[in-house]
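Trainee: Dropping a prediction and its sequence here:
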Amino acid sequence: MCYVSRYDRRISTSFAIDVIRWPGLRVARLRRAIMNDDTNKICHILDSERHILFKDVDHDGNSPLMLAVRYASPVTIRVLLSLGAHPDALNLSNHQTSLTYLAELKCDDDNERSYEIAKTLLEADADVDKPRYTEYTDEHGNVYLDEETPLMIAIKNNNLRLAKLFCKNGANVNFARERTKIRPIHIAVAQGNSAMFDLLVNCGAKVKNVLTVDDNSLLHWFCFYRQNDNQLAIVKSLLEQGCDVDAGNSHRRTPLMLAARHGLIETIRILLHAGAKMDITDYKGYRAIDLAKQQNQMDCYQLLKQNSSNKDLTSRRRPVARQPIIHTTSEQKRVVPQKADSHQKLSQDSARPIIHTAGSRNGTLS
């Protein structure tokens, strides 16, 4: 005869009684059902315990919907939404929404699941512009929170397919971070992402006079990254749309100065062709050619030096004025010396390059 202890009899008791006694078991059952895409069990649990829908179901702070977005199918997402899950629920541990999480993924043809889930959430009226809050550290070591919309995250992660979906559903292409004033188009330009840039411009993104907190224009953003020298269509488009080629930022540096400093030689050619001035100085008194030499960008330095020499030669090729000849009564010819043109002398002197010392001007440190 088999002996059955009291402990064994307690285990064999109905599992429903255990669920009533231990609320954590209900959460665990729901978590397993979501991970297994078991929609019948999900409905069965939530029919009697609907409040679990708004609780965290794991140690990462995920709600049932957030957990399903990570691991389940679009069908499970629809079931949870139909039962009352909020599409914009925020994970308080990492400040993520479902859309901001999906924006970090690569929603290409090989990842149809993520794209379909994003569509499902938007059809359920998810806020396409609801930002997440991310920590940033400035140049002085200060840590602060700033906002990123799903569109900005998709651009940063080169998620073109999802960026198109967000724009189609009314994403604000001119959203600006509260502190830094960075917009989606700044991210696209900084990355040299011409596909994202074209998408944003076609959807109404502003280009001209769009400045960030340090008065950097889109041309400044482009010229700060050397890899952008292979994406010249963007800088040409910015110039065509009216961006100031000689705009100075808070350090009085122009796009040409940044291009010279960071070695964008092809970009320099385009800026010079657009009429960029080489004699402008920054807050330390440096010109573009000085910054190129300082950073050992010798190709850029030689290009600027050659262009400067060509301009000097052009300015010095002036027609020599004939000196007047006066005939005397004795029919002798004498030459009357002409006074030097002070304006002409000043012009020739000013053609010489002048490098200001670092202490000759005041300004905010870079």
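Mentor: Structure received. Numbers count the residues shown, from 1 in each chain.

Trainee: Hmm, Arg161 and Met196 touching each other?
Mentor: No. Using CB atoms under 8 Å, Met196 is not in contact with Arg161, being 11.4 Å away. For glycine as for every other residue, the C-beta is placed from the backbone atoms N, C-alpha and C.

Trainee: for stretch 181-197, which positions count as buried?
Mentor: Using 16 or more other CB atoms under 10 Å as the burial criterion, the residues of stretch 181-197 that qualify are 182-193, 196-197.

Trainee: okay, those in JSON lines with secondary structure, distance to Gly141 and pLDDT next?
Mentor: As requested, the buried residues of stretch 181-197 are arranged in JSON lines below (DSSP: H, G, I helix; E, B strand; the rest coil; distance: CB to CB, whole Å; pLDDT from 0 to 100):
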{"residue": "Ile182", "secondary structure": "coil", "distance to Gly141": "20", "pLDDT": "94"}
{"residue": "Arg183", "secondary structure": "coil", "distance to Gly141": "25", "pLDDT": "97"}
{"residue": "Pro184", "secondary structure": "helix", "distance to Gly141": "27", "pLDDT": "98"}
{"residue": "Ile185", "secondary structure": "helix", "distance to Gly141": "28", "pLDDT": "98"}
{"residue": "His186", "secondary structure": "helix", "distance to Gly141": "23", "pLDDT": "98"}
{"residue": "Ile187", "secondary structure": "helix", "distance to Gly141": "23", "pLDDT": "97"}
{"residue": "Ala188", "secondary structure": "helix", "distance to Gly141": "28", "pLDDT": "98"}
{"residue": "Val189", "secondary structure": "helix", "distance to Gly141": "27", "pLDDT": "98"}
{"residue": "Ala190", "secondary structure": "helix", "distance to Gly141": "22", "pLDDT": "96"}
{"residue": "Gln191", "secondary structure": "coil", "distance to Gly141": "25", "pLDDT": "96"}
{"residue": "Gly192", "secondary structure": "coil", "distance to Gly141": "29", "pLDDT": "96"}
{"residue": "Asn193", "secondary structure": "coil", "distance to Gly141": "30", "pLDDT": "97"}
{"residue": "Met196", "secondary structure": "helix", "distance to Gly141": "31", "pLDDT": "98"}
{"residue": "Phe197", "secondary structure": "helix", "distance to Gly141": "32", "pLDDT": "98"}
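
Trainee: Could you pull up phi and psi at Glu148?
Mentor: Reported as degrees, to the nearest 10, the phi and psi values for Glu148 are phi -140, psi 120.

Trainee: residue boundaries of the helices in the stretch 201-350 of the chain?
Mentor: Counting by DSSP state H, counting those that start in this stretch, the stretch 201-350 of the chain has helices at residues 218-223, 232-240, 255-262, 265-273, 288-294, 298-316, 342-350.

Trainee: Tell me which of those sits nearest to Gly24.
Mentor: Closest to Gly24 of the helices of the stretch 201-350 of the chain is helix 218-223 (CB to CB; 50.2 Å).

Trainee: what's the average pLDDT for the closest one?
Mentor: Summarised as a single mean, pLDDT over helix 218-223 is 98.

Trainee: cool, stretch 289-298 as well?
Mentor: 96.

Trainee: export that stretch as PDB, just CAs?
Mentor: Taking C-alpha atoms only, stretch 289-298 is exported to PDB below (Å, rounded to 0.1, in the frame of the first residue of the first chain):
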ATOM      1  CA  ILE A 289      43.200  77.100 -42.700                       C
ATOM      2  CA  ASP A 290      44.700  77.500 -39.100                       C
ATOM      3  CA  LEU A 291      42.300  74.900 -37.700                       C
ATOM      4  CA  ALA A 292      43.200  72.500 -40.500                       C
ATOM      5  CA  LYS A 293      46.900  72.900 -39.800                       C
ATOM      6  CA  GLN A 294      46.400  72.700 -36.100                       C
ATOM      7  CA  GLN A 295      44.600  69.300 -36.400                       C
ATOM      8  CA  ASN A 296      47.100  68.000 -39.000                       C
ATOM      9  CA  GLN A 297      44.500  67.900 -41.800                       C
ATOM     10  CA  MET A 298      47.200  68.600 -44.400                       C
END
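
Trainee: quick one: buried residues of it?
Mentor: Neighbour-count burial for stretch 289-298 [16+ other CB under 10 Å]: 289-293, 297.

Trainee: Same question for stretch 27-34.
Mentor: Buried residues in stretch 27-34, counting neighbours by 16+ other CB under 10 Å, are found at 27, 29-31, 33-34.

Trainee: for stretch 250-266, same thing?
Mentor: Buried positions in stretch 250-266, judged by neighbour count with 16+ other CB under 10 Å: 251-265.

Trainee: same check, this time on stretch 89-99
Mentor: Buried positions in stretch 89-99, judged by neighbour count with 16+ other CB under 10 Å: 89-91, 95-99.
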